[in-house]
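Trainee: Build me a model:
(one chain, ligands or ions: 1)
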Amino acid sequence: MQPDREVLNRWSDSAPFWEKHREIIRQMFAPITQALVEDGQIGSRHTVLDIATGPGEPALSVADLVGSEGKIFGIDPIPEMVAAARRAADRLGLKNAQFDVAFADHLPFPADTFDAVVSRFGVMFFPSPVDAIREMLRVLKPGRKLALAVWHFAERNPFHYSLLRVIDRYVDSPPPAPDAHDAFRYASPGKLRKVLTEAGAIASSERLLQYTMQAPISVEDFLALRLEMSDKLREQIGLVSKEQSAEVNRQALESLREYSTDGGMSFPAEVLIVSGAKGRPR
Ligand SMILES: C[S@@+](CC[C@H](N)C(=O)[O-])C[C@H]1O[C@@H](n2cnc3c(N)ncnc32)[C@H](O)[C@@H]1O
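Mentor: Numbers count the residues shown, from 1 in each chain. All right, here's what the predicted structure looks like:
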């Protein structure tokens, strides 16, 4: 399947911001990493693959868990993302992590290599998720599991909707096309699970992870983070007129204050964790 150039360009533009905010992103999404570890049945001495790793997560968080006798690999098609992941691994002094530039549907690994395959917020951007999941199954060892995290509906996630609602008052944005390759492509329960089954996964399952997303930063810093992290918000804020921008900023801060606590920002969050296994040969 041909790469989706528009999607790749957007991620290329986002790479410096995802590296800049790496640590806060790691903290905000840590419970999702934990769910992937559980559902992927990742343990000590395992060899694990993280697909669409971006600047290195959940790979870097899992590196400790697999330990020095285990190994973690991460792939992403954006060279700047892979460079950021390598820099973070060097800073952390990790000897058991390796990051490579690759697409999800062409994995540069032999069959039956990994004890687990995970991907956090990646599959929604792939041109052919079914081909990518077939590749994940190819590189998994028989009987082992893959686990994927995708967003539940936008309206269940104020992390997404609180700012979009404000900006929507000022900028016309057409509704996304059905099956658009965006964050909410697999928000409907059962949709991604069906793709796993079509790709040949067995014993597939899905669970709704409801958790409190914590970002230990001020409302102002959180607004800056969201406007940088999201290509959609970056694009939309660029369309707000000069005259309106101070008012948009005021309303954005006001809408975020609802989620501000003494320890920083705190949002209810909902994510689907979808997993399946590779069958054993008869
Ligand atoms: C939302 S980011 C997730 C990054 C990281 N997994 C995390 O949770 O912090 C989505 C990532 O998917 C990657 N991606 C987009 N298309 C891809 C493809 N065809 N194959 C593999 N990764 C892809 C992007 O480059 C980007 O790094």
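Trainee: contacting residues for the residue in the stretch 151-282 of the chain positioned nearest to the ligand?
Mentor: Distance from the ligand to each residue of the stretch 151-282 of the chain (C-beta to the nearest ligand atom) is smallest for residue 183, at 7.3 Å. Quick note: C-beta positions are derived from backbone N, CA and C, even for glycine. Going by C-beta atoms under 8 Å, 6 or more residues apart in numbering, residue 183 touches 121, 124, 151, 154, 160.
Trainee: What about the ligand: which of the residues you listed touch it?
Mentor: The subset of the contacts of residue 183 within reach of the ligand, by C-beta under 6 Å from any ligand atom, is residue 121.
Trainee: which residues of the stretch 151-282 of the chain fall in strands?
Mentor: In the stretch 151-282 of the chain, the strands defined using DSSP state E, counting those that start in this stretch lie at 202-215, 260-261, 264-277.
Trainee: Other residues contacting the helix or strand of the chain with the lowest mean pLDDT?
Mentor: Lowest on mean pLDDT, DSSP states H and E among the helices and strands of the chain sits helix 231-237, with a mean of 90. For helix 231-237, contacts defined as C-beta under 8 Å, 6+ apart pick out 10-11, 13-14, 163-164, 167, 171, 173, 182, 226-228, 245, 248.
Trainee: Buried among these? Make that a ChimeraX selection.
Mentor: In ChimeraX syntax, the buried subset of the contacts of helix 231-237 is picked out as below (16 or more other C-beta atoms under 10 Å):
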select :10,11,14,163,164,167,171,182,226,227,228,248
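Trainee: Rank the contacts of helix 231-237 by pLDDT and give me only the lowest.
Mentor: Across the contacts of helix 231-237, the smallest pLDDT goes to residue 173, namely 81.
Trainee: before we move on, back to that, against residue 75, how distant is the residue of the stretch 151-282 of the chain closest to the ligand?
Mentor: With distances taken as C-beta to C-beta, to the nearest Å, residue 183 is found 20 Å from residue 75.
Trainee: Enumerate every residue touching the residue of the stretch 1-150 of the chain at minimum distance from the ligand.
Mentor: Proximity to the ligand, evaluated over the stretch 1-150 of the chain using C-beta to the nearest ligand atom, is greatest for residue 54 at 2.6 Å. For residue 54, the contact set (C-beta under 8 Å, 6+ apart) comprises 11, 15, 18, 76, 78, 81, 84-85.
Trainee: How about the residues of the protein by the ligand?
Mentor: 7, 11, 25, 29, 51-54, 57, 76-78, 81, 103-104, 120-122, 125-126.
Trainee: which ones among the residues you listed are found in helices?
Mentor: Among the residues of the chain next to the ligand, the members falling in helices are 7, 11, 25, 81 (criterion: DSSP state H).
Trainee: Buried ones among the residues you listed?
Mentor: The neighbour-count test (16+ other C-beta under 10 Å) marks 7, 11, 25, 81 as buried among those.
Trainee: just the residues you listed: which has the poorest pLDDT?
Mentor: In terms of pLDDT, the lowest of these is residue 7, showing 90.
Trainee: could you list every residue that touches that one?
Mentor: By C-beta under 8 Å, 6+ apart, residue 7 lies in contact with 125, 127, 181.
Trainee: let's go with 7 Å and repeat that
Mentor: Residue 7 makes contact with 125, 181, according to C-beta atoms under 7 Å, 6 or more residues apart in numbering.
Trainee: go on, residue 18?
Mentor: 25, 54-55, 81, 229.
Trainee: out of those residues, who's nearest residue 262?
Mentor: Proximity of the contacts of residue 18 to residue 262 (C-beta to C-beta) peaks at residue 25, which lies at 21.8 Å.
Trainee: so how far is residue 170 from the closest one?
Mentor: Note on residue 25: its distance to residue 170, by C-beta to C-beta, is 27 Å.
Trainee: Am I right that residue 16 falls within a helix?
Mentor: Yes - assessed by DSSP: H, G, I helix; E, B strand; the rest coil, residue 16 belongs to a helix.
Trainee: Contact partners for the nearest residue to residue 50 once chain neighbours are set aside?
Mentor: Spatial nearest neighbour of residue 50, chain neighbours left out: residue 59 (3.9 Å); criterion: C-beta to C-beta, 6 or more residues apart in numbering. Residue 59 sits next to 50, 53, 72, 74, 85, 97 when contact means C-beta under 7 Å, 6+ apart.
Trainee: quick one: which of those residues sit in strands?
Mentor: The strands, defined by DSSP state E, take in 50, 72, 74, 97 from these.
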